[in-house]
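J.: I'll drop the sequence and a predicted model, then ask my questions.
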Amino acid sequence: MLFDKNLGMKEVNENLDIEKLTFEEAMQELETIVSSLENGSIELEESIKQYTRGIKLKKHCEEKLKEANAKIEEITIDKQGNIKKKIFDRKK
């Protein structure tokens, strides 16, 4: 089991837990957290914990999107019928 003296055992485990989530799972949990924070149905201390986890989930989702974007390739066929792949650049 990992232990980071700056974070503590519980927080390290929570971070590993988030890292294992798919993008969709993380987004679903993030949406649930946002909903519970918006309707004020939880106590202040729990709100703070949920907000902190939400920030970590948001970061995880951003990383997953960044990874997916890097994997997307644009496939083109040149005049000779050869297939070419290049990294998709959505800025074009």
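T.: Structure's in. What do you need?
J.: buried residues in the helix ranked longest in the chain?
T.: In the chain, with assignment by DSSP state H, the single longest helix is helix 44-71. By neighbour count on 16 or more other C-beta atoms under 10 Å, the buried set for helix 44-71 is Gln50, Arg53, Gly54, Lys56, Leu57, His60, Cys61, Lys64. Yep, even glycine has a C-beta here, placed from its N, CA and C like the rest.
J.: of all those residues, which comes closest to Gln28?
T.: Comparing the buried residues of helix 44-71 against Gln28 with C-beta to C-beta picks out Leu57 as the nearest, at 9.6 Å.
J.: how far away is the closest one from Glu63?
T.: 11 Å (C-beta to C-beta, to the nearest Å).
J.: likewise Ile42?
T.: Taking C-beta to C-beta, one finds Ile42 at 27 Å from Glu63.
J.: farthest residue from the center of this structure?
T.: No residue in the chain sits farther from the centre than Gln80, which is 41.0 Å out by C-alpha atoms, centre = their mean.
J.: on the three-state scheme, that one is what?
T.: Under the three-state scheme (DSSP: H, G, I helix; E, B strand; the rest coil), Gln80 adopts coil.
J.: with the one 4 residues further on instead?
T.: Three states are possible here, and by three-state DSSP the one that applies to Lys84 is strand.
J.: what strand or helix carries the spatially closest residue to it that is not a sequence neighbour?
T.: Spatial nearest neighbour of Lys84, excluding adjacent residues (C-beta to C-beta, 6 or more residues apart in numbering): Thr76 at 5.0 Å. Element membership for Thr76 (DSSP states H and E) is strand 73-77.
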